[in-house]
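**Student:** Pasting the sequence and the predicted coordinates here, then a few questions.
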Amino acid sequence: MHPIRIAPSLLAADFTRLADEVRSVEAGGADWLHLDVMDGHFVPNLTFGPFITAAIKKCATKPLDVHLMITDPWRYADAFLDAGADLLTFHIEVAERGDVGALLAHIRQRGAKAGLSLQPDTDPRTLQPYVRQLDLVLVMSVFAGFGGQKFMPSVLPKVAVLREMGFAGEVSMDGGIGSSTIADATRAGTNAFVAGTAVFGAQDRGARIAELRALATAAR
Ligand code: DX5
Ligand code: ZN
């Protein structure tokens with residue numbers, strides 16, 4: 001069984017105090033830092049790129065879990081790996097634009113963990129050809145693009161389908177994860193939990209992370 005990982009999404013952090021925000025969730029027990037990269041094409045929102053990723057890397061001690069919501073990960077993957085991404089995930093929905101297997105192999109060859117993400121309406125079977133090349137599958141439980149959306153329980157059965165397909169790596173869930181949804185995500189087979197609003201919206205981030213971990217642990 002993969003370890004439970006709580007991955008606060010910095011999308012919900014105060015970007016005027018990014019170093020303090022990173023330290024506060026690391027001190028609060030975060031396992032990974034989740035970075036949401038959006039290009040205004042794959043999703044209707046823009047966030048940040050390799051430059052801010054490198055700045056976060058400078059003040060972080062935990063692994064950077066970089067979620068690329070971009071149309072052309074082939075063009076930018078190296079820039080994020082250079083910036084310090086420890087896990088690099090892109091979306092299967094852009095598969096027709098390049099060689100997915102080659103990019104996964106490249107990410108691993110550069111020493112990072114390789115992931116693919118599924119939008120809520122994407123069939124997990126689209127990942128079948130890559131099952132052995134993947135360290136992580138990021139199951140979106142909201143449509144990618146914005147924080148603070150409502151969790152979609154309809155995605156939960158995807159985790160079991162991934163296991164039936166022979167995927168043995170880590171499963172992460174992203175979108176609307178909080179105290180009222182993390183147990184269902186855990187029971188479905190998820191081990192890594194991305195949480196933006198739930199962590200950064202809490203007065204005491206450490207207490208919230210501990211609560212999420214306890215709920216996930218109890219649901220296993
Ligand atoms: C959405 C992002 C998520 C988002 C999660 O496109 O991929 O990581 O920040 O935010 P919450 O936890 O607020 O739903
Ligand atoms: Zn994300």
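**Tutor:** Arrived safely. Ligands and ions are numbered 1, 2, ... in the order given.

**Student:** After the helix or strand containing A77, which helix or strand is next?
**Tutor:** Take DSSP states H and E as the rule and A77 turns out to sit in helix 73-83. Using DSSP H and E, the next helix or strand after helix 73-83 towards the C-terminus is strand 87-91.

**Student:** for the lengthiest helix in the chain, which positions count as buried?
**Tutor:** When the chain is parsed with DSSP state H, its longest helix is helix 205-219. Neighbour-count burial for helix 205-219 flags R205, G206, R208, I209, E211, L212, R213, L215, A216 (criterion: 16 or more other C-beta atoms under 10 Å). For glycine as for every other residue, the C-beta is placed from the backbone atoms N, C-alpha and C.

**Student:** chain center to the helix or strand harbouring H34: distance?
**Tutor:** When elements are assigned from DSSP H and E, H34 belongs to strand 33-38. From the chain centre to the centre of strand 33-38 is a distance of 7 Å (C-alpha atoms, centre = their mean, to the nearest Å).

**Student:** Tell me if that strand is near ligand 1.
**Tutor:** Yes - Strand 33-38 lies within reach of ligand 1 by C-beta under 6 Å from any ligand atom, at H34, D36.

**Student:** The closest residue to ligand 2 within the chain and M38: what is the separation?
**Tutor:** Closest to ligand 2 within the chain is H67: 3.8 Å, counting by C-beta to the ion. Plainly put, H67 is 9 Å away from M38 if you go by C-beta to C-beta, to the nearest Å.

**Student:** More neighbours: the two, which one.
**Tutor:** H67 (27 against 21; other C-beta atoms under 10 Å).

**Student:** quick one: secondary structure of the more buried one?
**Tutor:** With DSSP: H, G, I helix; E, B strand; the rest coil as the basis, H67 sits in strand.
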